[in-house]
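In: Below are the sequence and a predicted model; questions follow.
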Amino acid sequence: MRFGDITRSISLTSFLAMAMTTLNLTRLAALCFFLFQTSWLCAAALYPIQNAAILAGSKFDIKIELDQAVNLEDIKIQLNAEPIVKIVKVQPIFIANEAGKGSSIIYRDVQLNKAGKYSLIVQAPQTSLEVVWDVYSTGPRKVKNVIFFIGDGMTIANRTAARVLSKGISEGKYQGKLSFDDMPNMALIGTSGSDSLITDSANSMSAYTTGHKTAVNAMGVYVSRATDNLSHPKVETIAELIKRKTKMSVGIVSDAELEDATPGAMVSHTRRRADKPYIAEQLLASGAEVILGGGSAYFYPQSTKGSKRKDEINLVEEFKRDGYQLVFTKEELANATHAADTRKLFGVFHPDNMDGSLDRFFLKKNTVEQYPNQPDLTDMTRSAIEVLSKNPNGFFLMVEAALIDKFNHPLDWERAAFDTIMLSNAVDIAKNFAKTHPDTLIIVTPDHTHSGSINGVVNDAKPGPLREKVGVYADAGYPNYPKANVDGYPNKIDVSKRLAFFYGNYPDHYETLHPKLDGTFIPAVKGEDGQFVANPKYIQLQEDAIHVGGNLPSNQESGVHTADDAVLNAMGPGSEQFHGFMDNTEVFRVMVESLGLGRQ
Ligand SMILES: [Zn+2]
């Protein structure tokens, strides 16, 4: 049994009878409601949470968690002052005592079709709970296509560094802009989750794809006390909504593992983003027409060399059976894209995360020699748009530049800058498409930020120890990176005057003030006591490297995300709704409004 507890359904008539009893909220109940919102003192809870905004007609689960085991007959549930059965027609599941913590009631796949305020009030012995939701509808569909770019972890300094390297700057003026710099609409986005100021990519992407807040490591669910990762109360994702309500196509592209948090949150409902075999299965189940990225290890059965599955499920075979063209190299991707009959495309190009553009184009480090035939985000974006746009009903494409975050974590700002340039190039492809398809909404946004900033210019010609080579204010002047190539990348980064880019949070590490030409920076390694200490490799390589004592707890091996606002840019119909400061759940709202997914 899924919940490991006794479950039984409540008959509709008994529910109706219970709910008919008059409600009378007690002082104690109000206190409990207050406490449950602000702390863990009262374990009782309702999901969706207080002030949740819910798209009319979207599917979601209601869960009621009481902090003691009670008789079903003693629970009264009212929605908008009516017995809940008047509005919610699905049969509830009753768990008499969930994980020894009390009784729970779950309604799966609820749909509220009428917009308005909804108040859910639950009365049980010694407990009363209330939440209010805002159910909103949308007007008719305004756009044919949506292309949603996630620059994972892209902070403002990543953009600035990419612009300096790619476009150049002199006498205070940049010689050009990144492709998303000149979009007409922008907003600051708040990224915090339901449980914490600091989000991770599961939680923050889930807010974009469902319009609901959730907790760190969770996607497509509210985090309840369920003991099974997959049993928490679910909310529908935009990919599921599109597949259920329209004839549009869906595309999912990432240069991380496709089972990573951002692509995973398009299609999955789990408490733990680490459920990667499950996420791989959900990608297949989603019916998305285009799926391109890394992470092949979770698509092959465990008997295949390099597989990370614990079963014999062969998802690659299943994609093939479902009519997908399968591609595994850059060349195969190009060929399949140009084949007139390609309508469904599945491509995996790396067992793990793919390599970044600094390594692929210049340094040939990390795993580039092992996997020399990887496409990059621009190739995948171009292919995805070409295949998806064959559908006359339009498409929704999510493209993640995942490696910006993967390089920000280990404080490797040059690699993050190169992948920000690659994101700019990928967005350029979408903008070109929009020139001939103006009914396309393009959104470019980070899911959260990192702590980096540009503080000056390191000048090797300055005398003295390494630290004295950092020029600030007038002493900084300008860096001397060579003019970028046609793709926007400078062919040399270890120049004599380079950006002094520092992160605001970090583990112990050695600051070398030089790019890491031999592979991604590994700032800290586990010491004898299990705590992370500065990686001695860098003092061995460069004897004047500066030891920097970490400002994060010593169990952190890399930099962490920040709560700083993310900067969103957008263009096309509907993009005018982005302005000022917005919550990340409102990005979902703009997308579903543009697509008319909550039309009454
Ligand atoms: Zn991250």
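Out: Sure thing, it's come through.

In: Just want the most central residue of this protein.
Out: residue 205 (2.8 Å; Cα atoms, centre = their mean).

In: what pLDDT does that residue get?
Out: Looking at residue 205, its pLDDT reads 98.

In: is it fair to say it lies in a helix?
Out: Yes. Under DSSP: H, G, I helix; E, B strand; the rest coil, residue 205 falls within a helix.

In: and it, what is it in contact with?
Out: By Cβ atoms under 8 Å, 6 or more residues apart in numbering, the contact set of residue 205 is 150, 219, 261-262, 264-266, 447. C-beta here means a position set from N, CA and C on the backbone, and glycine is covered the same way.

In: which residues touch the closest residue in space to it that isn't next to it in sequence?
Out: Of all residues not flanking residue 205 in the chain, residue 265 sits nearest, at 3.8 Å (Cβ to Cβ, 6 or more residues apart in numbering). By Cβ under 8 Å, 6+ apart, the contact list for residue 265 reads 201-202, 205-206, 208-210, 219-220, 237.

In: Now intersect those residues with the helices, please.
Out: Residues of those located in helices (DSSP state H): 201-202, 205-206, 208-210.

In: Show me which of those is closest to residue 288.
Out: Nearest to residue 288 out of the ones in helices among the contacts of residue 265 is residue 209 (Cβ to Cβ; 12.4 Å).

In: how near is that closest one to residue 222?
Out: Distance of residue 209 to residue 222, computed by Cβ to Cβ, to the nearest Å: 14 Å.

In: in stretch 265-285, what's buried?
Out: Residues of stretch 265-285 classed as buried: 265-271, 273, 275-284 (neighbour count, 16 or more other Cβ atoms under 10 Å).

In: ditto for stretch 307-326
Out: 307-309, 313-316, 319, 324-325.

In: average pLDDT for that stretch?
Out: Throughout stretch 307-326, pLDDT has a mean value of 98.

In: again with stretch 124-144
Out: Per-residue scores along stretch 124-144 average to 96.

In: and the buried residues of stretch 307-326, which of them are in strands?
Out: residue 325 (DSSP state E).

In: picking up where we left off before, just the closest of the ones in helices among the contacts of residue 265 to residue 118, please.
Out: Among the ones in helices among the contacts of residue 265, residue 210 lies closest to residue 118 (Cβ to Cβ), at 17.4 Å.

In: For that closest one, which residues are in contact?
Out: Neighbours of residue 210 in contact, by Cβ under 8 Å, 6+ apart: 220, 235-238, 265, 588.

In: between these, which is closest to residue 462?
Out: Proximity of those to residue 462 was ranked by Cβ to Cβ; the top entry is residue 265 with 46.2 Å.

In: Please tell me I have it right and residue 257 contacts residue 283.
Out: No. With contact defined as Cβ atoms under 8 Å, residue 257 and residue 283 do not form a contacting pair (10.8 Å).

In: So which of the contacts of residue 205 is the closest to residue 191?
Out: For the contacts of residue 205, the closest approach to residue 191 (Cβ to Cβ) belongs to residue 447, at 6.8 Å.

In: count of residues packed around the closest one?
Out: Each residue near residue 447 was counted by other Cβ atoms under 10 Å, and the total is 31.

In: Just confirm it is within a strand.
Out: No. The assignment for residue 447, made by three-state DSSP, is coil rather than a strand.

In: Who's the closest spatial neighbour of it, skipping the chain neighbours?
Out: Excluding the flanking residues, the one nearest residue 447 by Cβ to Cβ, 6+ apart is residue 204, at 4.1 Å.

In: One more: residue 409?
Out: Nearest residue to residue 409, sequence neighbours excluded (Cβ to Cβ, 6+ apart): residue 558, at 4.2 Å.

In: Secondary structure class of the one you found, three-state.
Out: The three-state assignment at residue 558 reads coil, by three-state DSSP.

In: how close does it get to residue 158?
Out: 16 Å.

In: Neighbour count for those two, which is higher?
Out: A count of neighbours by other Cβ under 10 Å puts residue 158 above the other of residue 558 and residue 158, at 28 against 21.

In: list the contacts for that one?
Out: With Cβ under 8 Å, 6+ apart, residue 158 has these contacts: 151, 404, 408, 413, 416-417, 420, 450, 452.

In: ranking the residues you listed by neighbours, who comes first?
Out: That'd be residue 151 among the contacts of residue 158, by other Cβ under 10 Å, with 33 neighbours.

In: Let me see the contact set for that one.
Out: So residue 151 contacts 158, 401, 404, 420, 423, 444-446 (Cβ under 8 Å, 6+ apart).

In: got the angle for the host helix or strand of residue 585 vs helix 201-210?
Out: According to DSSP states H and E, residue 585 maps onto helix 584-594. Between helix 584-594 and helix 201-210, the angle comes out at 30 degrees (axes from the mean of the first three to the mean of the last three Cα atoms, to 10 degrees).

In: which residues are in contact with helix 584-594?
Out: Residues contacting helix 584-594 (Cβ under 8 Å, 6+ apart): 53, 55, 136, 138-139, 141-143, 146, 148, 189-191, 204, 207-213, 238, 241, 396, 441, 443, 445, 447, 566, 568, 573-575, 577-578, 598.

In: Take those and keep only those in helices.
Out: 204, 207-210, 238, 241.

In: Rebuild those residues as CSV, extending it with distance to residue 175.
Out: Supplementary listing: those in CSV, determined by distance: Cβ to Cβ, whole Å:
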residue, distance to residue 175
204, 33
207, 36
208, 33
209, 37
210, 41
238, 38
241, 43
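
In: So which of these is the closest to residue 129?
Out: Comparing the ones in helices among the contacts of helix 584-594 against residue 129 with Cβ to Cβ picks out residue 210 as the nearest, at 22.5 Å.

In: What's the separation between the closest one and residue 334?
Out: According to Cβ to Cβ, residue 210 stands 34 Å off from residue 334.

In: Show me the helices in the stretch 51-200 of the chain, by range?
Out: 156-167 (DSSP state H, counting those that start in this stretch).

In: which residues of it fall in strands?
Out: 53-55, 59-65, 76-79, 82-83, 93-95, 104-111, 116-124, 127-136, 145-151, 169-170, 173-174, 185-190 (DSSP state E, counting those that start in this stretch).

In: On the three-state scheme, residue 263 is what?
Out: Following three-state DSSP, residue 263 is assigned to helix.

In: who touches it in this structure?
Out: By Cβ under 8 Å, 6+ apart, the contact set of residue 263 is 252-254, 256, 283, 293, 398, 400.

In: And for residue 112?
Out: Residue 112 neighbours (Cβ under 8 Å, 6+ apart): 54, 56-57, 87, 118, 133, 135.

In: show me where pLDDT drops low in this protein?
Out: Scanning the chain for pLDDT under 70 picks out 1-42.

In: Domain ranges for it, per the record?
Out: Segmentation of the chain into domains, based on automatic domain parsing, reads 7-136, 145-215+236-268+275-293+314-347+376-451+566-594, 453-548.

In: highest average neighbour count across those domains?
Out: Greatest average neighbour count among the domains of the chain goes to domain 145-215+236-268+275-293+314-347+376-451+566-594 (a mean of 22), per mean count of other Cβ atoms under 10 Å.

In: first vs last residue of that domain, how far apart are they?
Out: With Cα to Cα, to the nearest Å applied, domain 145-215+236-268+275-293+314-347+376-451+566-594 spans 9 Å between its terminal residues.

In: is it fair to say residue 457 lies in a helix?
Out: No. Assessed with three-state DSSP, residue 457 is strand; it does not lie in a helix.

In: of all the strands of the stretch 51-200 of the chain, which lies closest to residue 374?
Out: Nearest to residue 374, of the strands of the stretch 51-200 of the chain and by Cβ to Cβ, is strand 145-151 at 19.3 Å.

In: got the angle between the closest one and helix 156-167?
Out: Using the same axes, to 10 degrees: strand 145-151 against helix 156-167 is 100 degrees.

In: Pull up the gap between residue 355 and residue 259, please.
Out: On the measure of Cβ to Cβ, residue 355 and residue 259 end up 18 Å apart.

In: got it, and residue 331?
Out: Distance from residue 331 to residue 259, by Cβ to Cβ: 25 Å.
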